[in-house]
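1. mind looking at a prediction? Sequence and model below.
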Amino acid sequence: MIEQRLSVASEAAQLPVLTRFLKEFWVAAALPPAESVKFELALEEVFMNVVMHGSPGAGTQVEVSVILCDGGLTLMVENEGPAFDPLLLPAPDVAASLEERKVGGLGVFLVRQMMDAVSYQRVAARNQLRMTKRLTAGVDSPRLAPSV
Amino acid sequence: MFEIQMGPAGEVVMAGRLDATQCDAALKFLNSVPKLQVIDLGRLEYIASTGLRVFLLTQKRLKGLGSELKLINACPQIHDIFRYAGFDQIIDISRASA
């Protein structure tokens, strides 16, 4: 298992820092490049949700963990603050006409599409969102070989 | 890193990552383009829901003017995200030819 953790301020300007963190993890663990965008998107959507809905004031931190285990990758996003479960947001109508189309809730909807499993937990006054997806191991990714 | 500029044939060219930090600038640019129609996504590497919103707002604005967007050269990952969101039903988007 490989795990890395980063804590950033809960503000939109930190998004590039998180993206870089994820990309560096990707390269270091020799993960398949084609799968990267799905995790980058999941991280952005969940982090931006925390920034918009979950931060009571300046100085709040958001902790992001990336955990690689048995060929699956888990992103965990945690923050202190009022309970906020983004998974309870109503699903958008992705078949609505242009006039009726809205973007609210689309982020979480996309995350559910991209990931195998998404779950929310309230742990000791913290919001914790976990997203997991199995990676398709390539021949050039020996570290992804299933553990015996 | 995100870039948006005019291409040689009057199209808008986007490149790099259209993430939440770039959307305001992208929308402002698109709002300033007269007779906007074609956007070349050939070098766009990444988009999330805030980026999709830029295209939704622009499409709504253009429809109000009797026109519409035409997105071209989307790479498979970008095209997939439009499709997952059902945006391929409301915006003309075509993939890059292989």
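-> On my side now, so go ahead. Numbers count the residues shown, from 1 in each chain, chains lettered A, B, ... in the order given.

2. all helices of the chain, in order?
-> You didn't pick a chain, so chain A it is. Using DSSP state H, the helices of chain A run over residues A:15-28, A:36-53, A:106-114.

3. looking at chain B here, not the other one
-> For chain B, the helices defined by DSSP H cover B:23-31, B:49-64, B:76-84.

4. need the ones you listed in a markdown table (columns: mean neighbour count and distance to residue A:33).
-> Bear in mind the C-beta positions are built from the backbone N, C-alpha and C, glycine included. Shown next, in a markdown table, are the helices of chain B (neighbours: other Cβ atoms under 10 Å in any protein chain shown; distance: least, Cβ to Cβ, whole Å):
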| stretch | mean neighbour count | distance to residue A:33 |
| --- | --- | --- |
| helix B:23-31 | 16 | 25 |
| helix B:49-64 | 20 | 20 |
| helix B:76-84 | 19 | 10 |
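
5. nearest to residue A:122, of the ones you listed?
-> Smallest distance to residue A:122 across the helices of chain B (Cβ to Cβ): 24.1 Å, for helix B:49-64.

6. would you mind giving the helices of chain B as a markdown table with distance to chain A and mean pLDDT added?
-> Listed next are these as a markdown table, based on distance: least, Cβ to the nearest Cβ, whole Å; pLDDT from 0 to 100:
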| stretch | distance to chain A | mean pLDDT |
| --- | --- | --- |
| helix B:23-31 | 10 | 97 |
| helix B:49-64 | 4 | 96 |
| helix B:76-84 | 5 | 95 |
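
7. go through the ones you listed and name the closest to residue A:77.
-> Here helix B:49-64 is closest among these (Cβ to Cβ), at 15.7 Å.
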